[in-house]
Each structure stands twice: as C-alpha cells, then as structure tokens.
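# Need coordinates for the following:
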Amino acid sequence: MGNYSKNLSKRIENVRITEGYCLICGKYGFLTMDHVPPKGSITITKVEQKHIFDVLRAEGTKIKGVSSTNGSKFKTICAYCNNTILGANDVEISSVIKELNRKINIYFTNLNSIYNSVSVPFNPIKFCRAMIGHILSATTVKDCKITPQYTPYFTPLQEFVLGDDNALNNTHDIYYWFYPHKMHISSKMVSFYNNGNNCIVSILSFFPIAFLVTEKGKGIFPAQAIKLTFKDSHIVLNLSSGNLDYSTFPFNHLEGNQVILTSENHCIVSYPIKG
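Presented below is the predicted three-dimensional model:
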C-alpha cells in the first residue's frame, strides 16, 4: 500500500513511471503521456481523475481525485505508438467528434427537428484503431511492469491498433451510442454477467459517444447501442431520451441477475473542474 490518505484516490499511485513495457507494442523503454480522450476531440481543461469505485462507493466518503491541469493523461505507451500509431489516427476521432458536436448543437437548439438522430461520415478503421489504442493506454502503470504475453482478449486488440485490419474479425465486436455526460470513462477490462451470459468488455466514453468493445458474439450492451462494422460509412447517434439510464454502461445500476467484476486500476473516470 502506498503512502496516501484514505480520502485520496488510489489513482495517485498509478501516474508516476519512467520506463516500462508499452501497452500497445509491448516493447520495453521510455514511456510517454497519452491524453485520453485524445487532444482535438475535446476541450482540454483542468480535470480530476479517480478510480471508478471512488465514484460509485456507497459509504459516502468524500474521495479527493488526482488533478491535472491539461486533461486526463496516462504514461503507458512508447513515443512511437503515441505519436506515429495513434497520432496518425487521432485526426479521425477529432474530425468525427467535432462534426457530431456541431450537429448535436443544431439538434438541441432547433425545437422543430423531425429527426431523433444525427450522422457523420467516417473512416471506421482509423476511428476504431485510435479509440481502441486509447482504451489500451488508459490504465494503471502497473501493467507496464509486467512482461507482455499473449492473451486471447488483448493481443488481437494490440495487433489491430498496430495495423492488422483483420485482427478482430473472429475475436471482438464493437458497439457505440450517445453519451450525454461531462464525465469521461475509460475502462480497459470489465467482466459483466447478465442472466447466464458472461462477457468481457472495454469502454471509452466521452461526450458525445460511448465506444464499447466486447468479446465476439457474446456482447452485453445497452438497448440503444449500434453495432459498428468496418463496412460502415457513417456514425449514427440516436439523441432521444430513451434508455439514457444506461448511457453510462457498464457502470449503471444493476438489475436482477447481473454482476460486474473489474479491477479499480483498470477503470478511470475524469471530469472537468474549475481551474
């Protein structure tokens, strides 16, 4: 256990490192800071970061988060993966999010709109490559101290981010939906059990989109989610108020025979604070 107050988020333990294994390419060396959500997709402000259970804890203890003056950052990937791999694809996220925000603003200021959705064109490979890359990076630095090894869930994701367009064909599905919250959620791995079906999922959520990766054919997702395929030409967000209770999936209230298992180190939330 580190030397931190019980009223200070354990996130403070996981932000200091110099060298380690890159969580994308797996090579050992100097690590660099990755902004999650990526710069260009949001307005960079002062934020406070916490583990998800600091936010969800029921006992009511006030937990102070770890502040950052310029967005939520994770020092978990090498310079090449950060600047070349993600850098080449982050522009796709930026252009898509900016256009979605523009259309969403028009939608909510036009009371006479006859449609409940907005759509923008996109490159699905580039968009998913960047989003998945940030999911892999947005986690504890403790993962950078572990020698990389093959895993059926994470290895295909890494291979996809590194350039293999077909790496996810037989291993993963992708879903997305409208996310109308200021709080950012990045969760590398969550095991969700729902009435007999157990599925590993990963999530990256920031206004206005929640991006969910699941095991192939086992997906557990909210009703409003749209399945993304690499043949898609547009992202379509349904802006209606239906199912908004589940917009923070998988961290919404549980019902019936549902169980969620995860490590708090793998689930980080951040939100803007006054500077």
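
# pLDDT averaged over stretch 28-35 - what is it?
Mean pLDDT, stretch 28-35: 94.

# Just the endpoints, please. Distance across that stretch?
End-to-end span of stretch 28-35 (CA to CA, to the nearest Å): 20 Å.

# What are the contacting residues of that stretch?
Here stretch 28-35 makes contact (CB atoms under 8 Å, 6 or more residues apart in numbering) with 17-22, 44, 70-79, 82-83, 86, 134, 137-138, 141, 144. Heads up, the C-betas are built off the backbone N, CA and C, glycines and all.

# So which bits of it are buried?
31-35 (16 or more other CB atoms under 10 Å).

# Where does the spatially closest residue to residue 40 that is not a sequence neighbour sit: helix, strand or coil?
Excluding the flanking residues, the one nearest residue 40 by CB to CB, 6 or more residues apart in numbering is residue 94, at 3.4 Å. Assigned with DSSP: H, G, I helix; E, B strand; the rest coil, residue 94 falls in the helix class.

# where's residue 94 relative to residue 103, distance?
Distance from residue 94 to residue 103, counting by CB to CB, to the nearest Å: 15 Å.

# Then residue 87?
26 Å.

# Which strand or helix spans the most centrally placed residue in the chain?
Note on the chain: the residue nearest the mean C-alpha position is residue 204, at 1.6 Å, using CA atoms, centre = their mean. Residue 204 is part of strand 197-206, with elements assigned from DSSP states H and E.

# hmm, who's touching that strand?
Contacts for strand 197-206 (CB under 8 Å, 6+ apart): 36-37, 41-42, 131-132, 134-135, 138, 153, 157, 179, 181, 184-192, 210-215, 218-221, 248-250.

# Next one: the residue nearest to residue 20 when sequence neighbours are not counted from residue 36, what distance?
Closest residue to residue 20 apart from its sequence neighbours, by CB to CB, 6+ apart: residue 144 at 3.0 Å. Separation of residue 144 from residue 36 (CB to CB) stands at 15 Å.

# Who has more neighbours out of the two?
residue 36 (26 against 23; other CB atoms under 10 Å).

# Need phi/psi at the closest residue in space to the more buried one that isn't next to it in sequence.
Closest residue to residue 36 apart from its sequence neighbours, by CB to CB, 6+ apart: residue 138 at 4.1 Å. Main-chain dihedrals, residue 138, degrees, to the nearest 10: phi -80, psi 80.
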